[in-house]
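A.B. asks: with the sequence up front, the predicted model follows.
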Amino acid sequence: MDQKTFSVLETYMISCMQDSAHDKDHVYRVLYGALEIAKTEQNVQYDVLIAACLLHDIGRKEQNEDPTSCHAQVGAEKAYKYLLRHGFSEDTANHVRQCIQTHRYRKGNPPQSIEAKILFDADKLDVTGALGVARTLLYNGMAGEPIYTLLPDGTIDNGEDRNEPSFFQEYQYKLKKIYEKFYTAQGKEMARERKESAEQFYQALLAESRSLYRQGKTELSQRIGQ
């Protein structure tokens, strides 16, 4: 892929990005992660991989406006049509479409080609470690979801009980479990290197929150005579 073609795809991608948790910088991180993973794989079609990485989230706007739609499916079709209009072959456009369709984790629609598996892993890599925590908190804030919720006894839920949507719940049911869901050895290793920082942040945030609640409630009850 030459610089002119890259710039055309990049400009289109930037025009589609309106979600701060899935912005152009997320796309660049996915692209750079994919290129790192691709160095350890054989027979990678780099034109397909680069195009798929650049365009993998261009359907986010449609999903944000209509949560029943799937950004992977919408984005795949948008990318396919855009690539055909800009001189890409049918085979390349269709290959990119298939990569984008399967980059979102769904048991019934796993990635098949090496390019699709690399895109999947690079996208999931951006949900791991400190970056994954930061992006999740950003997305929770956009959705109006809190850091934590309270159990019926007034204590802070650690997220295991699926009480209500929160960062702690998202950590327990997505961030914590994502490390085994990689297709490439390099992707899995890169994720493993980040795992500890996410675990430490979650444990520290939970401990600090619970400590403040416990001490604060005791102090308040004394101050108001209960």
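C.D. replies: The structure has been received and is ready for your questions.
A.B. asks: show me what contacts the residue nearest the centre of the chain?
C.D. replies: Centrality entry for the chain: nearest residue to the mean C-alpha point is residue 127, 4.7 Å, by C-alpha atoms, centre = their mean. With contacts defined as C-beta atoms under 8 Å, 6 or more residues apart in numbering, residue 127 is in contact with 135, 136, 174, 175, 178. C-beta coordinates here come from the backbone N, C-alpha and C atoms, glycine included.
A.B. asks: what about the last one, how many residues nearby?
C.D. replies: Right, the one you point to is residue 178. For residue 178, the tally of surrounding residues (other C-beta atoms under 10 Å) stands at 17.
A.B. asks: ok, it touching residue 128?
C.D. replies: Yes - Residue 178 is in contact with residue 128 according to C-beta atoms under 8 Å; the separation is 6.4 Å.
A.B. asks: between those two, which contacts overlap?
C.D. replies: Shared contacts of residue 178 and residue 128 (C-beta under 8 Å, 6+ apart): residue 191.
A.B. asks: which other helices and strands contact the helix or strand containing residue 12?
C.D. replies: According to DSSP states H and E, residue 12 maps onto helix 3-16. In this structure, helix 3-16 makes packing contacts with helix 24-38, helix 46-55, judged by 3 or more C-beta pairs under 8 Å, 6 or more residues apart in numbering; DSSP states H and E.
A.B. asks: CA atoms only for it, dumped as PDB, please.
C.D. replies: Extracted as PDB, the C-alpha positions of helix 3-16 are listed here (Å, rounded to 0.1, in the frame of the first residue of the first chain):
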ATOM      1  CA  GLN A   3       1.100   6.600   1.100                       C
ATOM      2  CA  LYS A   4      -1.600   8.100  -1.200                       C
ATOM      3  CA  THR A   5      -3.800   5.100  -0.700                       C
ATOM      4  CA  PHE A   6      -3.200   5.000   3.000                       C
ATOM      5  CA  SER A   7      -4.100   8.700   3.300                       C
ATOM      6  CA  VAL A   8      -7.400   8.200   1.400                       C
ATOM      7  CA  LEU A   9      -8.400   5.400   3.800                       C
ATOM      8  CA  GLU A  10      -7.100   7.400   6.800                       C
ATOM      9  CA  THR A  11      -9.100  10.500   5.900                       C
ATOM     10  CA  TYR A  12     -12.300   8.400   5.500                       C
ATOM     11  CA  MET A  13     -11.700   6.700   8.800                       C
ATOM     12  CA  ILE A  14     -11.200  10.000  10.600                       C
ATOM     13  CA  SER A  15     -14.400  11.400   9.200                       C
ATOM     14  CA  CYS A  16     -16.300   8.400  10.700                       C
END
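A.B. asks: burial check on residue 144, number of neighbours?
C.D. replies: Taking other C-beta under 10 Å as the neighbour definition, residue 144 ends up with a count of 7.
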